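[1] Output the structure for:
(2 chains)
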2 protein chains.
Amino acid sequence: HTHTHTRPINGVTFPLPMTMPEQELLKPSEWSYCDYFWADRKDPQGGACIPGFEVLLQKQLKGKQMQKEMAEFIRERIKIEEEYAKNLSKLSQSPLAAQEEGTLGDAWAQLKKSLADEAEVHLKFSSKLQCEVEKPLLTFRGDNFKKDMKKYDHHIADLRKQLLTRYAAVEKARKALADRQKDLEVKTQQLEIKLSNKTEEDIKKARRKSTQAGDDLMRCVDLYNQNQSKWFEEMVTTSLELERLEVERVEMIQQHLRQYTTLRHETDMFNQSTLEPVDQLLQSVDPAKDRELWVQEHKTGEFRPVDLDI
Amino acid sequence: HTHTHTRPINGVTFPLPMTMPEQELLKPSEWSYCDYFWADRKDPQGGACIPGFEVLLQKQLKGKQMQKEMAEFIRERIKIEEEYAKNLSKLSQSPLAAQEEGTLGDAWAQLKKSLADEAEVHLKFSSKLQCEVEKPLLTFRGDNFKKDMKKYDHHIADLRKQLLTRYAAVEKARKALADRQKDLEVKTQQLEIKLSNKTEEDIKKARRKSTQAGDDLMRCVDLYNQNQSKWFEEMVTTSLELERLEVERVEMIQQHLRQYTTLRHETDMFNQSTLEPVDQLLQSVDPAKDRELWVQEHKTGEFRPVDLDI
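    Numbering: from 1, shown residues only, chains lettered A, B, ... in the order given. Presented below is the predicted three-dimensional model:
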């Protein structure tokens, strides 16, 4: 065996660290997926190996799931806001203390109305949350995404399977060559012991077959290397694509969570404005003014009694 | 009858507007209760009359009821805040998207935590509403208030009843005097027709009785006027007290509704601060950093395959 610089693991040929100069990363300083998922992951239970590419794919699917769960979370928040708004609005309609009069009555009516305004603010928040956060999170990358991932999976896995087949062919060819070389050796020894035409013919034939087995091995190695090169190329291309998709996902989520905080800030701002008219009317509450209004409406008579004369 | 300047209504002696100079108000420019509730209010159904003082008392009791209803309204608001806080807190604990990783995972975890912070803010609001608004509104003027009002009611009503009795006594005395004066007149005419000792004696006696009836009437009028004066005084004192109570009530409610808006403003302010760490972490979301962290944790191998040699 002359292939002492390499070590095949599960159909893939890695360099032996001892005998190879250190490899420069394809994208140094980038922590790119294309540089870190060449080996398979050993299952902790010692069972099947997971190819590095599967680890990348699982991240994509988990990312999709996270995005869906965030949308669900936002959906729950929307429901809480709707419930809160419904309760505030209902209380705002309550007849409690509706008969309070004068400037205090005005302030009270405005305070009650402010709950309806608050309800409006929270309803607006929930409806914007739905359009601008929940829906984008829910619909970003539809069902096609999982299909695309499956396509990538199958494509890379097929190339990997071919690689195993090609590797088996190399091993078989290597064995055949060894057999032929042994045969040639045996026949050459026979020739040294007893010279005969028959044996010379045999040696010629064995040498031809050995040369043929050598050519065969070279062709198998070539095919294997072509296949590994194709797989390598696809691994790089696809992992860069998955990397791009992951960046896109993170930025999309970042953008929509920012939209969430923007909407929450707006809600606080609008909420504050619901109190302004209440504050103003409370400022104007004036017991003297209220007495005037009430007396004017309810007075029974302002002539005071006088002494009865005889 | 010599009492032509006055007109008794339901036991109270009012001046006849035609014959009296206009009365100056006791507290001009103040719309004081003590100036406007001297007459009785006619029931629209034409039934019983309600004394002006009853109108004042009804306002007090209605005011007490309004205050109680405002406390109830605030109680409902407290419940809404508690429910909202409970829902936010529960959602905050949800495991949704808890497996998101890296800087995006940090921002997401903070966003979820911010709901617990918001819940805290609303719980604080509801608990302060209870201590600083609901409870004061509920406990300001306890059950003693209604008892005090009943005392005032009975006291003024008693004086008013006495006034009616006194007025009846005056009427009776006036009638007795008229009878005596008629009797004296008749006897005087008899004397003119036939002089006799007997008749002269009768006239003397009749004159004495007439004088006595006159004194009696004067005494009754005097008692009536004393009673009316006492009632008048109590009406003024008590209506000023009710006025003071009403000012106190309006100012107390104004103060606690202001406290309500102050607490609401604080809630908005604190709520805004719950978002600050979320905003900061969203600012720090970095797909490249996340890739680095994830790759470091999940990489399977960075040695790239090499060509297989023979």
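[2] From here on, just use CA atoms for contacts and neighbour counts.
    Fine.
[3] would you list every one of the strands in the stretch 1-150 of chain A?
    A:6-9, A:12-15, A:40-42, A:49-51 (DSSP state E, counting those that start in this stretch).
[4] Show me what the third one is packed up against.
    Same thing as strand A:40-42. Contacting strand A:40-42 under the criterion 3 or more C-alpha pairs under 8 Å, 6 or more residues apart in numbering or on different chains; DSSP states H and E are the following elements: strand A:49-51.
[5] Just the buried positions in the strand it packs on, please.
    A:Pro51 (16 or more other C-alpha atoms under 10 Å in any protein chain shown).
[6] next one: stretch A:203-218
    Across stretch A:203-218, burial judged by 16+ other C-alpha under 10 Å covers A:Ile203, A:Ala206, A:Arg207, A:Lys209, A:Ser210, A:Ala213, A:Gly214, A:Asp216, A:Leu217, A:Met218.
[7] Name the nearest residue to the last one, sequence neighbours excluded.
    It stands for A:Met218. Distances taken as C-alpha to C-alpha, 6 or more residues apart in numbering or on different chains place B:Ile310 nearest to A:Met218, at 7.0 Å, with adjacent residues excluded.
[8] how many neighbours does that neighbour have?
    15 (other C-alpha atoms under 10 Å in any protein chain shown).
[9] Surely it touches A:Asp222?
    No: between B:Ile310 and A:Asp222 there is no contact under C-alpha atoms under 8 Å: 9.5 Å.
[10] could you dump the strands of the stretch 1-150 of chain A to TSV with mean pLDDT?
    Below are the strands of the stretch 1-150 of chain A laid out as TSV (pLDDT from 0 to 100):
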stretch	mean pLDDT
strand A:6-9	84
strand A:12-15	88
strand A:40-42	88
strand A:49-51	89
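[11] out of the ones you listed, deepest packed?
    Among the strands of the stretch 1-150 of chain A, ranked by average contacts under mean count of other C-alpha atoms under 10 Å in any protein chain shown, first place goes to strand A:12-15 (a mean of 22).
[12] Packing partners of that strand?
    Going by 3+ C-alpha pairs under 8 Å, 6+ apart, strand A:12-15 lies up against strand A:6-9.
[13] My guess is A:Glu132 contacts A:His256. True?
    Yes: using C-alpha under 8 Å, A:Glu132 makes contact with A:His256 at a distance of 7.2 Å.
[14] Close to chain B: what parts of the stretch 51-200 of chain A are there?
    Residues of the stretch 51-200 of chain A lying close to chain B by C-alpha under 8 Å from any C-alpha of the partner chain are A:52, A:55, A:63, A:65-67, A:69-70, A:72-73, A:76-77, A:80, A:84, A:87-88, A:91, A:96-100, A:104.
[15] give me that answer again for 6 Å
    Within the stretch 51-200 of chain A, the positions adjacent to chain B are A:Gly52, A:Met66, A:Glu69, A:Met70, A:Leu96, A:Ala97 by C-alpha under 6 Å from any C-alpha of the partner chain.
[16] got it, and the stretch 201-310 of chain A?
    A:225, A:247, A:268, A:287, A:292, A:299-302, A:304-307, A:309-310.
[17] And stretch A:94-106, what's buried?
    Those would be A:Leu96, A:Ala97, A:Ala98, A:Glu100, A:Glu101, A:Gly102, A:Thr103, A:Leu104, A:Gly105, A:Asp106, for stretch A:94-106 by 16+ other C-alpha under 10 Å.
[18] Where helices are concerned, which of those residues count?
    A:Gly102, A:Thr103, A:Leu104, A:Gly105, A:Asp106 (DSSP state H).
[19] Can you say which two of those residues are spatially most distant?
    Taking C-alpha to C-alpha as the measure, these span a maximum distance of 6.3 Å, between A:Gly102 and A:Asp106.
[20] and the angle from the longest helix along chain A to helix B:197-283?
    In chain A, taking DSSP H as the definition, the longest helix is helix A:197-283. Interaxial angle, helix A:197-283 versus helix B:197-283 (axes from the mean of the first three to the mean of the last three C-alpha atoms, to 10 degrees): 160 degrees.
[21] Give the next helix or strand downstream of helix A:197-283.
    Using DSSP states H and E, the helix or strand that follows helix A:197-283 in sequence is helix A:287-298.
[22] residues making contact with that following helix?
    A:Gly102, A:Thr103, B:Trp31, B:Val247 (C-alpha atoms under 6 Å, 6 or more residues apart in numbering or on different chains).
[23] Tell me how far the second one lies from B:Leu56.
    So the one you mean is A:Thr103. Distance of A:Thr103 to B:Leu56, computed by C-alpha to C-alpha, to the nearest Å: 19 Å.
[24] ok, now the third one?
    Taken as C-alpha to C-alpha, the spacing of B:Trp31 relative to B:Leu56 amounts to 13 Å.
[25] what do you get for the last one?
    To B:Leu56, B:Val247 is 13 Å away according to C-alpha to C-alpha.
[26] now do the first one
    For A:Gly102, the distance to B:Leu56 under the criterion C-alpha to C-alpha works out to 16 Å.
[27] What residue, apart from its backbone neighbours, is nearest A:Asp202 spatially?
    That would be A:Lys187: by C-alpha to C-alpha, 6+ apart, it lies 7.1 Å from A:Asp202.
[28] and that neighbour, what pLDDT?
    pLDDT for A:Lys187: 86.
[29] do A:Val250 as well
    The model reports A:Val250 with a pLDDT of 97.
[30] can you count the residues close to the closest residue in space to it that isn't next to it in sequence?
    Leaving out its chain neighbours, the residue that sits closest to A:Val250 by C-alpha to C-alpha, 6+ apart is B:Pro287, at 6.0 Å. Residue neighbour count, defined by other C-alpha under 10 Å, stands at 21 for B:Pro287.
[31] just A:Gln189 next, same as before
    Count around A:Gln189 with other C-alpha under 10 Å applied: 11.
[32] Relative to A:Ser210, how far out is it?
    Applying C-alpha to C-alpha to A:Gln189 and A:Ser210 gives a distance of 16 Å.
[33] same question, A:Ile78
    From A:Ile78 across to A:Ser210, the span is 77 Å (C-alpha to C-alpha).
[34] Over to A:Thr274?
    From A:Thr274 to A:Ser210 the distance is 94 Å (C-alpha to C-alpha).
[35] Likewise for A:Pro136?
    Note on A:Pro136: its distance to A:Ser210, by C-alpha to C-alpha, is 66 Å.
[36] Same check on A:Ser273?
    From A:Ser273 to A:Ser210 the distance is 93 Å (C-alpha to C-alpha).
[37] Can you measure across stretch A:96-105, start residue to end residue?
    End-to-end span of stretch A:96-105 (C-alpha to C-alpha): 12 Å.
[38] List of residues touching that stretch?
    Contacts for stretch A:96-105 (C-alpha under 6 Å, 6+ apart): A:Val285, A:Asp290, B:Met66, B:Glu69, B:Met70.
[39] Mind doing that once more with 10 Å?
    Identification of contacts with stretch A:96-105 by C-alpha atoms under 10 Å, 6 or more residues apart in numbering or on different chains yields A:106-112, A:281-294, B:62-63, B:65-73, B:250-251, B:253-254, B:257.
[40] Figure out how far that stretch is from the centre of its chain.
    In terms of C-alpha atoms, centre = their mean, to the nearest Å, the gap separating the centre of stretch A:96-105 from the centre of its chain is 56 Å.
[41] Please apply the same query to stretch A:16-27.
    That offset, for stretch A:16-27, works out to 31 Å (C-alpha atoms, centre = their mean).
[42] can you tell me if it touches chain B.
    Yes: among the residues of stretch A:16-27, A:Leu16, A:Pro17, A:Glu22, A:Gln23, A:Glu24, A:Leu25, A:Leu26 lie within reach of chain B under C-alpha under 10 Å from any C-alpha of the partner chain.
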